[in-house]
Structures are given as C-alpha cells and as structure tokens.
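Undergrad: structure, please.
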Amino acid sequence: MKLALLGQTCADNLDHLKACLTSDWEIGLWLPDDPVDKGEALVGDADAIVVGSDTLVSGGAFQLIPKAEKLKLFQIPFAGYDWMKPEGVPEGCLVCNALGHEQTMAEFIVASLLEWEIGFRRLDASFREGSWKYQGANRDPGSLHGEVYGKTLGLFGYGNISKETAKRARAFGMKVCAIARSPRDTTPENLDWIGTREDMPRLLAESDYIALACDLNNETRHAFDAAAFAQMKPEAVIVNVARGPVAEEEALYNALANRQIAGAVIDTWYIYPNRPLPGGTPEASPRPSRFPFHELDNLIMTPHCSAHTVGADLRRWESIARNLDSLAAGREPETVVMLGTREPQI
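TA: Residues are numbered from 1 along each chain as shown. Reported below is the predicted structural model:
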C-alpha cells in the first residue's frame, strides 16, 4: 500500500513512524517547498495520507487533497478536526485523528488548578523582592494559599483527555463530575457522577473548576455563553484546552472583566497567527481575541500549547502507526472520526 506524508512535521517523525509500523508501506514525502505537481502525483496514487501540522497551518495540504482519488485513510496528526469537512475527501475514506496527547493535556489541566490555588509565580516574585509575607508563620489570612483537595472539578466532554484528567484530579482528593455527549449506564471510574447536556445546570452549580475538553461542533460551539457563566459559582475558574469558541468570546471576556467568575486558564483562542477573522489582516503574532484579555489580572493565558511535549508527539505517531497497520490488515482504525463523502471526479 502507498502512503503519502505531507509536510516537514512528517519528515521529522518519519524514522519513529517506520519503527512503529508492523505493515509494509511504500512511503512518499512531500515538503512545502517541493513542486505542487510532485505532491499531486504523490497523493493521487496514495491509499493513505498523513498530513503534517505545518502544511495544515500553511494551507499547503489543501491544494493537494482534491487530487487524492484512491484515498482510504486521511490521518490528522492531532485531536481537533472541526476544520475538516467530509466532502473534502473521497466517499468512504476514513478520517482519523491521533491519540497520545491526553496524558500531557491532563497534566496541563491539573497543573493549572494547582497554580491557581498555590500561586507559585506570586510566591516566587514576592520572596525575590525580599518579602517574607507568605511564610508559614504569618497569621495574616492574606498570606495563605489554597488547595485543590476537596474541591469539585467539572469536565465538559468525557473523552480520553477528560478520563486522564479525572484520574489525576482524583489522586489529589478532588471530587470529579462530567458531561458527556451520550448517557452512560454506569458511572465511570474516578467520577462522582456523569450526565448529559440536560445536567449542565448541576455541573455549573457544583463545580469549583470547569475544564473544557470536548470537540468543537454545532452542539458544543458557544456552550458556555452568558447564561452558563451566570450559573457558575462566583469563585469558579474555567480552563479551556478544547477550542476557543466552545466559550462564547464576548461572554467569557465579560464574565472575567466583571468578576462574575473568579478567573480562567485559557489555552485555545479565537485568532491565530496568519489566520485572521473574516475581513482581517494576517499577522504573525496577533492578539488572540477581539477583546483585551491580556489586560485582565484574573486570567492565565497560554498560546495553545497544552499538548506540546516530545512525549505527546511520539505517542501521536505511535497512534498513527496503529491506524495504518489496521488499514493494511483490513481492520477499522481505532480513531475514526468521520467518513468522506466526495463523489468521484469525472
């Protein structure tokens, strides 16, 4: 079978992919500086495509994919696929995302909660300036930091990221609840309860922290709007590692600016480098929102990096190898997220 790898990210991980594969593939590589006709010939004959994150961001892959007429598997190198349309690939083509980042993102979420409670940045800055304000012998209540023990973490979405997060939060003695797309017959391990969107009011009312870890789709877009923020505890903190628009942009800004909720840790945004809003001008380093989130002091901002580790990258390519092996063996890959619907071109 023939495999087309598109992008420098694929080239960087080619040796690891080959080491993980147990099936035979004829592998071709297209880099962004290569001629377009080379890429078109490569994908036109491919049974599977793995697209690198660099060619997705630059858009280079999208000029090639329409030439992929024999394609059986289109492999995304990360979790999100909200930008992918089934009509973009041939009818019946399996579109898969990758696993392996869930452990890293769970650590990021739990680290966010710990930093919010303990405030290492604040303690370090104060002590460097010569102050002993936060020492343990100080009887001033303002010198105390918090703890996550006994607090409630609500998970919006219950996929692999939330499962790993629940495991870690439980180890810190937290109560954990979740909202899933579909009902469960039993409560999964490490959860106190699990519900569906009908149970959102309970999650909003009970949670000290809410982590958004879901797909972005028509059901989840703007799931956290002004009405949702109004139902949260005033001391609640929201953590978004899903996609920015799961939280409605203006409503989130207002909830933070007006101290309707205590704060947020935001890793996923609304504007990205060279991906402006409609009518906007591409910028290499834009502000991530139409609103001045960067001026708020009750917000931790990070540049969409919750899964950005060597370990996560390696595990993702191991996941990709398993999907390719499954396809070669005639089995369904483990991470199918949609089927292509594009009719053959005549």
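Undergrad: and residue 313, which of the three is it?
TA: helix (DSSP: H, G, I helix; E, B strand; the rest coil).
Undergrad: can you report how many residues neighbour the closest residue to it other than its chain neighbours?
TA: Spatially, and ignoring its direct neighbours in sequence, residue 313 is nearest to residue 13 (7.0 Å; C-beta to C-beta, 6 or more residues apart in numbering). C-betas here are computed from N, CA, C, even on glycine. Look at residue 13: counted by other C-beta atoms under 10 Å, it has 21 neighbours.
Undergrad: likewise residue 131?
TA: 11.
Undergrad: now it: how far from residue 123?
TA: Separation of residue 131 from residue 123 (C-beta to C-beta, to the nearest Å) stands at 10 Å.
Undergrad: helices of the stretch 1-150 of the chain, residue ranges please.
TA: Ranges of helices within the stretch 1-150 of the chain are 8-12, 14-20, 36-44, 53-58, 102-118, 120-128, based on DSSP state H, counting those that start in this stretch.
Undergrad: what do you get for the stretch 151-300 of the chain?
TA: 160-171, 200-206, 226-231, 249-257.
Undergrad: got the end-to-end distance for stretch 143-151?
TA: 20 Å (C-alpha to C-alpha, to the nearest Å).
Undergrad: over to stretch 113-131?
TA: Start-to-end span of stretch 113-131 (C-alpha to C-alpha) is 25 Å.
Undergrad: buried stuff in that stretch?
TA: Across stretch 113-131, burial judged by 16 or more other C-beta atoms under 10 Å covers 113, 116, 117, 123.
Undergrad: what's the answer for stretch 240-257, then?
TA: Per 16+ other C-beta under 10 Å, stretch 240-257 contains these buried residues: 240-249, 251-253, 255-256.
Undergrad: again with stretch 297-312
TA: 299, 300, 304, 306, 307, 309, 312.
Undergrad: my guess is the fifth one contacts residue 77, does it?
TA: Yep, that's residue 307 we're talking about. No - look at residue 307 against residue 77 with C-beta atoms under 8 Å: they stay out of range, at 11.0 Å.
Undergrad: give me the residue at the spatial middle of this structure.
TA: residue 242 (4.4 Å; C-alpha atoms, centre = their mean).
Undergrad: pull up the gap between that one and residue 319, please.
TA: For residue 242, the distance to residue 319 - C-beta to C-beta - is 19 Å.
Undergrad: out of the helices of the stretch 151-300 of the chain, deepest packed?
TA: Highest mean neighbour count among the helices of the stretch 151-300 of the chain (mean count of other C-beta atoms under 10 Å): helix 160-171, with a mean of 21.
Undergrad: count the residues that sit near the residue nearest to residue 157 when sequence neighbours are not counted.
TA: Nearest non-adjacent residue to residue 157, counting by C-beta to C-beta, 6+ apart: residue 214, 2.8 Å away. As a burial measure, residue 214 scores 23 neighbours (other C-beta under 10 Å).
Undergrad: wait, isn't residue 214 in contact with residue 220?
TA: Yes - here residue 214 reaches residue 220: they are 5.0 Å apart, a contact under C-beta under 8 Å.
Undergrad: identify the contacts common to those two.
TA: 156, 157, 242, 246 (C-beta atoms under 8 Å, 6 or more residues apart in numbering).
Undergrad: now the residue lying closest to residue 180 once chain neighbours are set aside: how far from residue 205?
TA: Excluding its sequence neighbours, the residue lying closest to residue 180 (C-beta to C-beta, 6+ apart) is residue 158, at 4.0 Å. Distance of residue 158 to residue 205, computed by C-beta to C-beta: 19 Å.
Undergrad: repeat for residue 275
TA: 36 Å.
Undergrad: just the strands from the chain, written as ranges.
TA: 2-6, 26-30, 48-51, 73-75, 94-96, 152-156, 175-179, 193-195, 209-212, 237-240, 263-266, 299-301, 336-339 (DSSP state E).
Undergrad: most packed of those?
TA: Ranked by mean neighbour count, the strands of the chain are led by strand 209-212 with a mean of 28 (mean count of other C-beta under 10 Å).
Undergrad: just the mean pLDDT for it, thanks.
TA: For strand 209-212, mean pLDDT is 98.
Undergrad: how far off centre is that strand?
TA: 13 Å (C-alpha atoms, centre = their mean, to the nearest Å).
Undergrad: could you do stretch 111-125 as well?
TA: 23 Å.
Undergrad: what does that stretch rub up against?
TA: 134, 145-148, 151, 153, 169, 172, 209, 237, 239, 263, 265, 300.
Undergrad: correct me if wrong: residue 167 contacts residue 190.
TA: Yes - at 5.2 Å, residue 167 and residue 190 qualify as touching, with contact defined as C-beta under 8 Å.
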